[in-house]
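Enquirer: kindly generate the corresponding structure for this input.
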Amino acid sequence: MHSKKKQLSNSRLYCIVDVKKRPLEIKRLLKKITSAGVDIVQLREKTEQFQRLLTAAKLIKANSSKTKPILIINDRVDIARLSSADGVHLGQSDITIKDARKILGPGKIVGISCHSLAQAKRAQASGADYISIGPIYKTPTKKGVPAIGERLLSEVSNKINIPVFAIGGINRKNLDKIKRKGIKRIAVHRAITRAKNPAGEATRLKQLLRCN
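Expert: Predicted coordinates:
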């Protein structure tokens with residue numbers, strides 16, 4: 001197994017970071033949160049600022065901390081390749097998993113957002129390395145996308161064998177509900193990046209994920 005894919009199998013805390021700040025500010029933030037327990041970092045740029053995303057990705061990849069988090073690029077397979085990131089995260093309307101694999105190569109990680117059990121099954125059959133399932137709760141970062149609630153989590157946990165990250169409005173207050181459904185991996189954005197103490201919040205979330 002490729003080392004990053006092995007690392008993926010042991011990962012529990014995934015943080016999505018919007019590329020709105022300067023690259024050096026992002027670098028400082030990521031150093032703090034990865035040292036505090038974040039296993040995977042996804043860089044996301046929704047305004048199509050190609051150079052800003054590429055610059056941030058290259059800087060972070062070149063200066064990764066001793067913890068060496070998995071670096072994922074949202075949507076942009078081209079930037080994932082140019083920056084030597086560890087992989088890409090796709091949406092349901094993006095390039096196919098198969099084509100992303102052709103561009104990035106077999107050693108890279110390809111994940112995909114899923115909103116139903118059927119989509120999760122298709123992703124697994126298509127060779128995805130992991131999926132995110134959600135949004136579990138209503139969240140402003142997914143405007144116009146209805147929350148799916150907790151109902152699917154047990155089914156997905158039982159029927160999907162690749163890593164599954166619950167996503168969407170998850171925080172310390174509702175994490176226990178997610179875990180009771182059999183999911184012990186989460187992807188968050190606001191819970192860490194909007195916290196007064198991002199590193200402290202990452203530490204607390206990781207501790208809760210480790211508890212049975």
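
Enquirer: buried ones in the worst-scoring helix or strand of the chain on mean pLDDT?
Expert: Lowest by mean pLDDT, DSSP states H and E among the helices and strands of the chain is helix 50-62, with a mean of 83. By 16 or more other C-beta atoms under 10 Å, the buried positions in helix 50-62 come out as 52, 53, 54, 55, 56, 57, 58, 59, 60. Using the backbone N, CA and C atoms, a C-beta is placed for each residue, glycine as well.

Enquirer: same list, the residues you listed, but as CSV with distance to residue 77 please.
Expert: What follows is these, written out as CSV (distance: C-beta to C-beta, whole Å):
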residue, distance to residue 77
52, 17
53, 12
54, 12
55, 17
56, 16
57, 12
58, 16
59, 19
60, 18
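
Enquirer: of those residues, which is the nearest to residue 206?
Expert: Nearest to residue 206 out of those is residue 60 (C-beta to C-beta; 19.8 Å).

Enquirer: I'd say the closest one and residue 33 touch.
Expert: No: between residue 60 and residue 33 there is no contact under C-beta atoms under 8 Å: 11.8 Å.

Enquirer: give me the common contacts of those two.
Expert: By C-beta atoms under 8 Å, 6 or more residues apart in numbering, residue 60 and residue 33 have these common neighbours: residue 41.

Enquirer: what segments of the chain are helices?
Expert: Here the chain has its helices, by DSSP state H, at 3-9, 23-35, 50-62, 77-82, 97-104, 117-125, 153-159, 175-180, 190-193, 198-210.

Enquirer: how about those, which one is nearest residue 132?
Expert: helix 117-125 (9.7 Å).

Enquirer: pLDDT of the closest one, averaged?
Expert: For helix 117-125, mean pLDDT rounds to 98.

Enquirer: same thing with stretch 178-197?
Expert: The model assigns stretch 178-197 a mean pLDDT of 96.

Enquirer: ok, stretch 152-171 next?
Expert: Stretch 152-171 shows an average pLDDT of 96 in the prediction.

Enquirer: any buried residues in it, and which?
Expert: 152, 153, 156, 160, 163, 164, 165, 166, 167, 168, 169, 170.

Enquirer: okay, and which of the residues you listed map to strands?
Expert: The members of these that map onto strands under DSSP state E are 164, 165, 166, 167.
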